[in-house]
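> Any chance you can model this:
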Amino acid sequence: MSSTTLTRMDLSEAVFREVGLSRNESADLVESVLTHMSDALVAGESVKISSFGTFGLRDKTARVGRNPKTGKEAPIAPRRVLTFRPSHLMKDRVAKGNKG
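This next block holds a predicted model:
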């Protein structure tokens, strides 16, 4: 497994190479897309990208958890968490990548 990470800079560089925008325009485009996605999620909307997956929100209720080291109970506050469900096409593509 590779230890590299895809960054915003990598995405903007890919847009620069593939689309032909300037480096600054490419960086602005990537930033704009990520901001739009974040704003939609903050507003409680799902973000679905065809052939990639769906980003969504889930409200978790309050519960009692345990410290694994001490076994002591501790309350866990209710919270909203981000979820991602990959599309079947993405799952298949990743699975095929593991075999090669």
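
> In this structure, mark out all the strands, start to finish.
In the chain, the strands defined using DSSP state E lie at 47-49, 53-60, 63-66, 73-76, 79-86.

> Export these as TSV, with columns for distance to M37, mean pLDDT and mean neighbour count.
(Glycine included, C-beta is placed from N, CA and C.) Below are the strands of the chain laid out as TSV (distance: least, CB to CB, whole Å; pLDDT from 0 to 100; neighbours: other CB atoms under 10 Å):
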stretch	distance to M37	mean pLDDT	mean neighbour count
strand 47-49	5	97	14
strand 53-60	7	96	14
strand 63-66	29	94	10
strand 73-76	27	94	10
strand 79-86	11	96	11
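
> for these, which one sits closest to R93?
Shortest distance between R93 and these, using CB to CB, is found for strand 79-86: 9.2 Å.

> Direction included, what does that closest one pair against?
Applying DSSP bridges to the sheet, strand 79-86 is found paired with strand 53-60 (antiparallel).

> what does the partner strand contact?
37, 41, 44, 46-48, 78-87, 90 (CB atoms under 8 Å, 6 or more residues apart in numbering).

> Stretch 78-87 now?
41, 50-62, 94.

> can I get the CA coordinates of that stretch in CSV?
Extracted in CSV, the C-alpha atoms of stretch 78-87 (Å, rounded to 0.1, in the frame of the first residue of the first chain):
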residue,chain,number,x,y,z
PRO,A,78,-24.7,13.9,21.0
ARG,A,79,-23.0,14.9,17.8
ARG,A,80,-23.3,15.1,14.0
VAL,A,81,-20.8,13.1,12.0
LEU,A,82,-19.8,13.1,8.4
THR,A,83,-20.2,9.8,6.5
PHE,A,84,-19.1,8.6,3.1
ARG,A,85,-20.6,5.8,1.0
PRO,A,86,-18.6,4.9,-2.1
SER,A,87,-20.5,4.1,-5.3
